[in-house]
Structure formats: structure tokens, C-alpha cells
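Student: Pasting the sequence and the predicted model now:
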Amino acid sequence: MKNQENSPEKKEKYKFILFTSGMAIKSLTAIENFKKIGDEHLKGNYELEIIDVNKQKHQAVNYQIVALPTLIKLEPQPKRVIIGDLSDTQKVLQVLNLV
């Protein structure tokens with residue numbers, strides 16, 4: 001009998017929101033760095049919503065964003081938040097509970 005919990009069908013999908021500031025260098029770097037982390041460590045098993053606060057200020061208020069770029073892991077719980085360009089891969093993995 002197969003272990004149902006470890007089957008690919010049961011694997012939880014990671015859900016993230018990345019708050020950015022338009023075409024700012026740090027924001028573009030954060031997007032690029034996160035995509036590398038997602039592809040390498042999550043094997044593409046994630047959804048990433050990118051919110052440009054220049055266009056959607058209300059979202060920044062809703063999520064109480066105080067610095068940019070900010071990445072929020074929504075799922076699976078617990079919720080985690082990391083600020084910066086995500087260039088320190090090990091730190092990102094630790095903060096997001098991915099290691």
C-alpha cells in the first residue's frame with residue numbers, strides 16, 4: 001500500500017506574494033532571485049503573485065507593507081515575511097521554512 005501523504009497528488013502548493021516598486025533595481029532583482037529559488041528548491045510547485053505598489057497601493061496597506069521588496073509566504077502555514085532583494089538564498093530558505 002502506498003503512503004498517501006507523500007504522493008505527488010497530495011503535495012501542497014506554495015503560495016507567495018511579492019510586493020515590488022515598479023522597475024526599481026531591488027524589485028527586479030528580488031523577482032529574479034525568487035524565481036531561481038522557486039525553480040531550484042520548490043521544483044516549480046509554487047504560485048507567485050507580484051504586486052507593484054505603485055499601481056496597487058491599497059494592497060500594500062491591506063498587507064501592512066512598510067518596506068520594498070517584501071515577500072510573503074501565505075501557504076502552507078505558518079505565514080512568513082522577508083524583506084529585501086532575496087539575494088541570500090540560505091537566509092530566504094530558512095526564513096520561509098523551506099529547509
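Tutor: Everything's here; your move. For clarity, every value in this text was computed on a predicted model and none was experimentally measured. Numbering: from 1, shown residues only.
Student: how about low-confidence regions in this protein?
Tutor: Regions of the chain meeting the criterion pLDDT under 70 cover residues 1-10.
Student: And the helices in it, which stretches?
Tutor: Defined through DSSP state H, the helices belonging to the chain, from first to last, are 25-41, 57-62, 89-95.
Student: Pick the most deeply packed of those.
Tutor: Greatest average neighbour count among these goes to helix 25-41 (a mean of 16), per mean count of other Cβ atoms under 10 Å. Bear in mind the C-beta positions are built from the backbone N, C-alpha and C, glycine included.
Student: roughly how far is that helix from the heart of the chain?
Tutor: Offset of helix 25-41 from its chain centre (Cα atoms, centre = their mean, to the nearest Å): 9 Å.
Student: again, but for stretch 12-19
Tutor: Per Cα atoms, centre = their mean, the centroid offset for stretch 12-19 relative to its chain is 5 Å.
Student: Then stretch 88-99?
Tutor: Here stretch 88-99 is found 11 Å from its chain centre; the criterion is Cα atoms, centre = their mean.
Student: repeat for stretch 40-52
Tutor: A distance of 6 Å separates the C-alpha centroid of stretch 40-52 from that of its chain, computed with Cα atoms, centre = their mean.
Student: May I see the buried residues of it?
Tutor: The neighbour-count check on stretch 40-52 (16 or more other Cβ atoms under 10 Å) flags 41-42, 46, 51-52 as buried.
Student: and of those residues, the nearest to residue 87?
Tutor: Each of the buried residues of stretch 40-52 was checked against residue 87 using Cβ to Cβ; the closest is residue 41, at 14.8 Å.
Student: Surely that closest one is in contact with residue 93?
Tutor: Yes - Residue 41 is in contact with residue 93 according to Cβ atoms under 8 Å; the separation is 6.4 Å.
Student: Okay, residue 77 and residue 58: tell me how far apart.
Tutor: Distance of residue 77 to residue 58, given as Cβ to Cβ, to the nearest Å: 24 Å.
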